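*Asks:* give me the fold of what follows.
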Amino acid sequence: MSSQYFDIQPVAGRIGAEIVGVDLSANLSDDVISEIRKRLVQYKVIFFRNQQLDANGQVAFARRFGEVTTAHPTVPSFPGHPEVLDLNYGRTATRANNWHTDVTFVDRPPLGSILRTLVIPPSGGDTIWANTVAAYQDLPTHLRNLADELWAVHSNAYDYAEAAVDLSEETKAYRKVFTSTVYETLHPVVRVHPESGERILFIGGFVRQIKGLSTTESDDILRLLQSYVTRPENTVRWRWQVGDVAFWDNRATQHYAISDYGDQPRHVQRVTIVGDLPVGIDGKHSEAIKGDSSTYIPSLVTA
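*Replies:* You can find the predicted model right below:
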């Protein structure tokens, strides 16, 4: 497949495509950026091999798609680059080896995330993405009707690995920073994509509880809905190379960074683009319960 500006190579049947013939460090035209955005919405995650981006170039590319957030609501940024989250596994602590959508615990989760690879282990360390639009479409009608009515509380106080035991002091310290400010937001379980109009199953690792249900009831329903997200046919797996860039639609995906590389180094950097306030199929918007996202979205400070 091809567009007027680059070649498109789908990676899996329902999600993911490699974009070939684009130099992300170049001064890309508005038309090229518009076409990249179109393919992002279409394929949910797009990949670029052999890029020569540095941190400044990564931020500059991200800005072509909207306002850029600070690195993270609680985790410190990469020195000298307030927009860059540095994930140097082996030096930083916890690994995000669970299914999640980035930063859904704030009221305006990112539109998208752009990840750049610096060091990749010779084996292991792949990332998997899931298409949460396809997951919603796969739901039987009665489950879809149920999901349409539900709202859920997302929070960063949710533990990445709640069942983990014997945590290292480094991991404990990281989690203390991660939850240094507690955020809670009420989001629709089914949100409407602001560009495509598609309905999205909007759950993942930061969901704590479904509104109006007990913890046990919530867990059972979320486990059932999540099983549709992680069906193999709704996923794509990417084998990283140094210089790769992945750009995913954070509104319509979940992802999982596989922790199967032991003590081998894995160093990546992430930049995120400010998103909108999610809206459910009833037209109601997400509501912040706890925490002020203006620390994460600079324009809200001056608004």
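*Asks:* now do the contacts for Ser25.
*Replies:* Gln51, Gln52, Leu53, Gly57 (CB atoms under 8 Å, 6 or more residues apart in numbering). C-beta: built from backbone N, CA, C; applies to glycine.
*Asks:* list only buried entries from those residues.
*Replies:* Buried by 16 or more other CB atoms under 10 Å: Gln51, Leu53, Gly57, out of these.
*Asks:* isn't Ile203 right up against Gln226?
*Replies:* Yes: when contacts are counted by CB atoms under 8 Å, Ile203 is listed as touching Gln226 (6.1 Å).
*Asks:* and Lys38, helix, strand or coil?
*Replies:* With DSSP: H, G, I helix; E, B strand; the rest coil as the basis, Lys38 sits in helix.
*Asks:* kindly report the same for the one 4 residues further on.
*Replies:* Using three-state DSSP, the structure places Gln42 in helix.
*Asks:* any idea how far it is from Ile8?
*Replies:* Distance from Gln42 to Ile8, counting by CB to CB, to the nearest Å: 9 Å.
*Asks:* and for the two, which residues touch both?
*Replies:* Contacts common to Gln42 and Ile8, judged by CB under 8 Å, 6+ apart, are Ala17.
*Asks:* pick out whichever of those two has more residues nearby.
*Replies:* Ile8 (17 against 14; other CB atoms under 10 Å).
*Asks:* for that one, which non-adjacent residue is closest in space?
*Replies:* Nearest non-adjacent residue to Ile8, counting by CB to CB, 6 or more residues apart in numbering: Met1, 4.3 Å away.
*Asks:* could you pull out the strands for the stretch 101-250 of the chain?
*Replies:* 112-119, 127-131, 151-155, 184-188, 190-192, 199-201, 207-210, 235-238, 245-249 (DSSP state E, counting those that start in this stretch).
*Asks:* looking at those strands, which is nearest to Leu28?
*Replies:* Closest to Leu28 of those, according to CB to CB: strand 245-249, at 12.9 Å.
*Asks:* what average pLDDT does that closest one get?
*Replies:* Here strand 245-249 scores 98 as its mean pLDDT.
*Asks:* downstream of it, the next helix or strand is which one?
*Replies:* strand 253-257 (DSSP states H and E).
*Asks:* what packs against that next one?
*Replies:* strand 127-131 (3 or more CB pairs under 8 Å, 6 or more residues apart in numbering; DSSP states H and E).
*Asks:* let me know the average pLDDT across the strand it packs on.
*Replies:* Here the average pLDDT along strand 127-131 is 98.
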